[in-house]
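Enquirer: Any chance you could fold what I've pasted below:
(one chain, ligands or ions: 1)
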Amino acid sequence: MGTHPKGEAEIADDHIRPSKLSHWILDNAQCLGECVHARFGAKLPFLFKVLSVNQSLSIQAHPNKANAEYLHAHHPEHYPDANHKPEMAIALTPFLGLCGFRPLCEILDFLDVASGGDVSGSNGHLLLKLHKQFPGDVGCFVIYFLNVLQLQPGDAMFLGANEPHAYLYGDCIECMACSDNTVRAGLTSKFIDVPTLCTMLNYTPAPPESKVFCSRFDPDDPFAKIYDPPVPDFTVICLQIPAGTLSYTIAAVNSASIIITIRGVAIGITEGRPLEFKRGKVMFISAGKSVALSIEPKADMLMFRACCLL
Ligand SMILES: O=P(O)(O)OC[C@H]1O[C@@H](O)[C@@H](O)[C@@H](O)[C@@H]1O
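Expert: Here you go, the predicted structure:
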């Protein structure tokens, strides 16, 4: 959901022309909000996704802005744009991922096991699972160097520049800067750029709990939880409206936003027309616009909203 040329959003509303989101934004640049427009130009700065990970995604890291510009200029065949790609994953189901280098003592313990020590707690099940998906791929051994994170629904991890990571299993909401620059390390048949990877990685060891990204409650809205990473490109707001609530207003923010409904049903009125919010429906909301919802109160409603709170 966004305007990256590799997967552009189409507007599925017969009343609206042009139907490509990027073209509509160019014609209606005020929808982005003044601050976003001033900072990023007439472009939506973020990409929003739902990932359903059955087979593990590649072990990878994303370049910072300066490195992304360099890599795109010198190797455009591997680095398709000049933007950085900080990203955040918020678990929808129990979710397994790798993130950042483990504390050194843990890595040393695993090496000890490999040379004949105790074999309990060796992550053998995960190793075999990955090896079944990617036979012979040395990336399978990365589970002994990177933290294995088990996230519960609502938990998040933020992947800043140069942070090694992988998504191994589960469903998540993902938001990132509008880019597709990935430097891969393993668990993939795609291009792996070892020299670039080795020079850029964050090698600082840290415990897994330090890799779980904390959200905060919105003082103005008891139903909103804000995931605000330390980058300007995006923020994600989780809206969870309890069963029994009949109405709720999606508040105006000063940037464009994209909102996806995960659970629940509601009718929103915009420009005098009713729009149905239900599982899988995606709405684009212009900066400064609010949407009043009439909610089907039998069950709770869960929505995620990507925006840019500058
Ligand atoms: O290019 P590959 O290795 O398939 O990785 C691409 C994947 O990268 C991750 O960082 C996420 O942004 C995913 O949404 C994306 O699908």
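
Enquirer: only C-alpha atoms for contact and neighbour calcs from this point on.
Expert: Fine.

Enquirer: Residue 238 - that's part of a strand, no?
Expert: Yes - under DSSP: H, G, I helix; E, B strand; the rest coil, residue 238 sits within a strand.

Enquirer: Identify the residue spatially nearest to it, adjacent ones excluded.
Expert: Spatially, and ignoring its direct neighbours in sequence, residue 238 is nearest to residue 304 (4.6 Å; C-alpha to C-alpha, 6 or more residues apart in numbering).

Enquirer: show me the contacts for the one you found.
Expert: 173, 236, 237, 238, 239, 259, 260, 261, 262 (C-alpha atoms under 8 Å, 6 or more residues apart in numbering).

Enquirer: Tell me the first helix or strand C-terminal of the helix or strand of the chain with the lowest mean pLDDT.
Expert: The least trusted helix or strand in the chain, going by mean pLDDT, DSSP states H and E, turns out to be helix 104-114, with a mean of 88. Next helix or strand after helix 104-114 toward the C-terminus (DSSP states H and E): helix 124-133.

Enquirer: ok, then the element right after that next one?
Expert: Note on helix 124-133: by DSSP H and E, the next helix or strand toward the C-terminus is strand 146-151.

Enquirer: For that next one, which outside residues touch it?
Expert: By C-alpha under 8 Å, 6+ apart, strand 146-151 touches 91, 94-102, 164-165, 207-208.

Enquirer: Let me know the secondary structure of residue 76.
Expert: Residue 76 - assigned by three-state DSSP - is coil.

Enquirer: Per-residue pLDDT of it, please?
Expert: At residue 76, the model reports a pLDDT of 96.

Enquirer: Quickly note the distance from it to residue 217.
Expert: Residue 76 sits 41 Å away from residue 217, going by C-alpha to C-alpha, to the nearest Å.

Enquirer: Please apply the same query to residue 97.
Expert: 25 Å.

Enquirer: same deal with residue 182?
Expert: 32 Å.

Enquirer: same thing with residue 93?
Expert: 21 Å.

Enquirer: So those two - more neighbours on which side?
Expert: Neighbour tally, residue 93 and residue 217, criterion other C-alpha atoms under 10 Å: the higher count belongs to residue 93, 17 against 14.

Enquirer: Just confirm that one is within a strand.
Expert: No - applying three-state DSSP, one finds residue 93 to be coil, outside a strand.

Enquirer: Go ahead and confirm it touches residue 171.
Expert: Yes - shown here, residue 93 and residue 171 form a contact pair, counting by C-alpha atoms under 8 Å, at 5.5 Å.

Enquirer: The stretch 201-310 of the chain: strands as residue ranges?
Expert: Remark: strands assigned in the stretch 201-310 of the chain by DSSP state E, counting those that start in this stretch are 212-213, 216-218, 221-227, 235-241, 247-250, 257-263, 266-270, 273-277, 282-285, 291-295, 301-307.

Enquirer: C-alpha coordinates for the longest strand anywhere in the chain, CSV please?
Expert: Longest strand in the chain by number of residues (criterion: DSSP state E): strand 165-177. C-alpha atoms of strand 165-177 as CSV (Å, rounded to 0.1, in the frame of the first residue of the first chain):
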residue,chain,number,x,y,z
HIS,A,165,17.4,-9.1,10.6
ALA,A,166,15.0,-11.7,9.1
TYR,A,167,11.3,-12.5,9.3
LEU,A,168,11.0,-16.3,9.9
TYR,A,169,7.3,-17.0,10.6
GLY,A,170,4.0,-15.3,11.3
ASP,A,171,1.7,-12.5,10.1
CYS,A,172,2.6,-8.8,10.7
ILE,A,173,1.9,-5.3,9.7
GLU,A,174,5.0,-3.7,8.2
CYS,A,175,5.7,0.0,7.5
MET,A,176,8.9,1.4,6.0
ALA,A,177,10.3,4.3,4.1
